[in-house]
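S.K.: Just need the structure, nothing else, for what follows:
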Amino acid sequence: MRTTVTLDADTERLLKSAARERGLSFKAVLNDAVRKGLGAPHPGRAKRFVQKTYDMGFNADFRWDKVLAMADAMEDEEIIRKMALRK
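M.R.: Predicted coordinates for the structure are as follows:
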């Protein structure tokens, strides 16, 4: 959309300076500034992903340094169970 906007002199200087620093057009810098000022996301940018986490509690009896060995043992038990079912 094309429109006419009257900018204060200091605002124009800030936008032109930002355009030079970023290597972008005046229009691009102005649009980004308006979007940021209004809190709108940039088109084409994905929303930031936030991983949901859950407190699993603390179990003093659980040995975190033995997790892989325990997983191997559980897998072995499952293989033996499946083999026993096939007889």
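S.K.: Contacts only, for the closest residue in space to Ser25 that isn't next to it in sequence.
M.R.: Nearest residue to Ser25, sequence neighbours excluded (Cβ to Cβ, 6 or more residues apart in numbering): Ala19, at 6.4 Å. In short, each C-beta sits where N, CA and C put it, glycine included. Going by Cβ atoms under 8 Å, 6 or more residues apart in numbering, Ala19 touches 25-26, 28-29.
S.K.: Ala19 is in what secondary structure piece?
M.R.: Element membership for Ala19 (DSSP states H and E) is helix 9-22.
S.K.: in the helix or strand following that helix, what's buried?
M.R.: Once the chain leaves helix 9-22, the next helix or strand it forms, by DSSP H and E, is helix 26-38. Across helix 26-38, burial judged by 16 or more other Cβ atoms under 10 Å covers 29-30.
S.K.: how near is the residue nearest to Ser25 to Glu12?
M.R.: 11 Å (Cβ to Cβ, to the nearest Å).
S.K.: just Met70 next, same as before
M.R.: Taken as Cβ to Cβ, the span from Met70 to Glu12 is 66 Å.
S.K.: mind checking how far the biggest helix by length in the chain is from the chain centre?
M.R.: Taking DSSP state H as the criterion, the chain has its longest helix at helix 67-86. Its chain's average C-alpha position is 37 Å from that of helix 67-86, according to Cα atoms, centre = their mean, to the nearest Å.
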